[in-house]
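[1] Sequence below, structure please.
(2 chains)
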Number of protein chains: 2
Amino acid sequence: MEKKDVIGIVGAGLIGRAWACVFARAGHPVQLWDPQPTLRAAMPELLREMLKEAGNDPASADRVMPCETLEDALRGAVLVQESCPEILDIKRELFTRMDKAAAPQTILASSSSALMASEFSAGLAGARRCLVAHPVNPPHVIPVVELCPSAETDREVLSRAEAIYAGAGQVPVLLDREIPGFVLNRLQAVLLAEALRLVGEGVCSVQGLDDTIRHGLGRRWALMGPLETISLNAPAGLHDYIRRYGPTMGRLADDGAGAEAFSDRAADIVDAAFPHSGPDSVRARAAWRDRELAALDHHLRSRNVKD
Amino acid sequence: MEKKDVIGIVGAGLIGRAWACVFARAGHPVQLWDPQPTLRAAMPELLREMLKEAGNDPASADRVMPCETLEDALRGAVLVQESCPEILDIKRELFTRMDKAAAPQTILASSSSALMASEFSAGLAGARRCLVAHPVNPPHVIPVVELCPSAETDREVLSRAEAIYAGAGQVPVLLDREIPGFVLNRLQAVLLAEALRLVGEGVCSVQGLDDTIRHGLGRRWALMGPLETISLNAPAGLHDYIRRYGPTMGRLADDGAGAEAFSDRAADIVDAAFPHSGPDSVRARAAWRDRELAALDHHLRSRNVKD
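    As a prediction, this is how the structure comes out:
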């Protein structure tokens, strides 16, 4: 295997560990730091287990070196992936420390899902090498990563980051500019609001709602995404699609639910539908989810569905 | 194999043929009628090919008997699946004829995606046995079917229809009442509007938008649906989820795009992104899609992901 660049991992919670697996199994030497010494010490075993569960070679975990200090984890790294709690003060302090310690060319990327790069990198000397690289949890079995620049982020930094994530087997999506929710959570939010409204108003059950996506649209979307999906319903092109279906779909979109759908009433109904409420059963079901996501990833890659 | 009830198929376009495959491969004798004699004549071969492409036994096509008249196709059928063009006058006329010809217990179901049961069954003597059974195209590789009653539809008819579709390997979703777009297209419409707005405003490329779902949320949703997805992000239950994420997701939902997103500008951008514009290449890509949907269906069933 060719010699790969060093990657730094800052924060070794579930997301940070999944990122360590992504880069290690792709052949990168990984330097990992977390403020908790016990978590650092548990590291080779936790990663081995995570890789095994996902159907990957557990030996890749040997490429991950736990570091005693943040500065050690950054040394010589081409990219640092930060996955600390989603609290602005913590992220700002970490980015200030990372920006001081890291070599000028090192890319500093945050797994943030809600905070935007401008919020934690504004005013830093190296704001141009900071960005959000937002994964879907957990990134070692779901490949997409949204690359979201601030107004200060260099385009060249974005391009290098894109190549690094793609080289490690992920699917980077470049955003042109900062926007709340990025792309993924904007799409999720509008669908969720309508979903919660429909079950809240008793139009269908929670299981029925999930089945509609799981055994319906979700399968198309897992193969093609929503825009190619409609392009195949439009042999004469999208103008024809919009002429035929635009008025109807537009009315449904105008009628879509908003913030009011995230209601206590909807929460009661959803909670009542799932047998796995409570931390232990959620953990068990999440483990099932990650195994199935890994199996689905292997299936899709084996079909070469990308092309 | 136990003796199965007869199913009538009215309309032998792509959707009607896929329904014939669904019921025939599940062991039902199928009586099929289409107004075009040449289409009826092409029938055993077309179905054999369709089944083969989907990885099913082509011999099931032998259970499908093309009929010379609508009335012949209805004789002795426990359920009739109508899949004619989405034009109100045509559907109303067909349902009037079917209601006259079919035995009182025969369920009359329409594949309609936009017209509602009340629109084509109001005033019929047998309005109580009419409903919409809306599939995702093509139903032989995507199992969901939305069962949408009018105010006149009997609950007992809905229950019998549910059992018939489930018995044939589909996943029926019961709607409590008539609502424009049913469930599936309401969810699709709000997501599509936001997707078209994001690419229309240049936030990301068409490919990036599709990748965000295809290599991200679409995979979760193909395994679990959107509500179980968020329930696993909420170890303390949905009230906790809404407390933590509700305000942010609510703002994004309030900011979601409406009818204006189905614009000529968005159509230009989407069309430019796909190499498969034009009927021939759309057909080729749709064939690829259906093969991959069939492979995905086999994968998911083999994992027993339903449970």
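[2] my guess is A:P279 contacts B:P235, does it?
    Yes: counting by C-beta atoms under 8 Å, B:P235 is a contact partner of A:P279 at 4.4 Å. Bear in mind the C-beta positions are built from the backbone N, C-alpha and C, glycine included.
[3] Looking only at neighbour counts, state which of the two leads.
    Between A:P279 and B:P235, counted using other C-beta atoms under 10 Å in any protein chain shown, B:P235 has the larger neighbour count: 17 against 10.
[4] Output the below-cut-off pLDDT ranges for the stretch 151-300 of chain A.
    A:276-277 (pLDDT under 70).
[5] Now do the helices in it.
    Secondary structure of the stretch 151-300 of chain A by DSSP state H, counting those that start in this stretch: the helices cover A:155-167, A:184-200, A:206-212, A:218-224, A:226-231, A:238-254, A:264-273, A:279-302.
[6] packing partners for the fourth one?
    Taking 3 or more C-beta pairs under 8 Å, 6 or more residues apart in numbering or on different chains; DSSP states H and E as contact, the helices and strands that helix A:218-224 lies on are helix A:279-302, helix B:218-224, helix B:279-302.
[7] and B:E2, which of those helices is closest to it?
    Nearest of those to B:E2, taken as C-beta to C-beta: helix B:279-302 at 20.9 Å.
[8] Does chain A have contacts with that closest one?
    Yes: contact of helix B:279-302 with chain A (C-beta under 8 Å from any C-beta of the partner chain) involves B:279, B:282-283, B:285-286, B:289, B:292-293, B:295-297, B:299-300.
[9] List only buried entries from these.
    Using 16 or more other C-beta atoms under 10 Å in any protein chain shown as the burial test, the residues of helix B:279-302 next to chain A include B:V282, B:R285, B:A286, B:R289, B:E292, B:L293, B:A295, B:L296, B:D297, B:H299, B:L300 as buried.
[10] in terms of contact, does the last one touch B:R219 like I think?
    No: between B:L300 and B:R219 no contact is recorded; they are 11.4 Å apart, counting by C-beta under 8 Å.
[11] Which among the helices of the stretch 151-300 of chain A is found nearest to B:G181?
    Closest to B:G181 of the helices of the stretch 151-300 of chain A is helix A:238-254 (C-beta to C-beta; 4.4 Å).
[12] Just confirm A:G8 contacts A:D34, I think it does.
    No: using C-beta under 8 Å, A:G8 makes no contact with A:D34, being 11.9 Å away.
[13] who has more neighbours, the two?
    Under the neighbour definition other C-beta under 10 Å, A:G8 and A:D34 were set side by side, and A:G8 has more, 29 against 23.
[14] bridging residues for that one?
    A:Q31, A:V80 (DSSP bridges).
[15] Need the per-residue pLDDT for it.
    A:G8 carries a pLDDT score of 98 in this model.
[16] And A:G202, how close does it get to B:A102?
    Separation of A:G202 from B:A102 (C-beta to C-beta, to the nearest Å): 31 Å.
[17] who has more neighbours, these two?
    Taking other C-beta under 10 Å, A:G202 and B:A102 do not tie; B:A102 has more neighbours (23 against 11).
[18] CA atoms only for stretch A:114-124 - export them in CSV, please.
    C-alpha atoms of stretch A:114-124 as CSV (Å, rounded to 0.1, in the frame of the first residue of the first chain):
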residue,chain,number,x,y,z
ALA,A,114,-25.5,22.6,13.7
LEU,A,115,-22.8,25.1,14.4
MET,A,116,-21.3,26.7,11.3
ALA,A,117,-17.7,27.2,10.5
SER,A,118,-17.9,31.0,10.8
GLU,A,119,-19.1,30.6,14.4
PHE,A,120,-16.1,28.8,15.7
SER,A,121,-13.4,30.0,13.3
ALA,A,122,-14.1,33.7,12.8
GLY,A,123,-11.1,35.8,13.8
LEU,A,124,-8.6,32.9,13.8
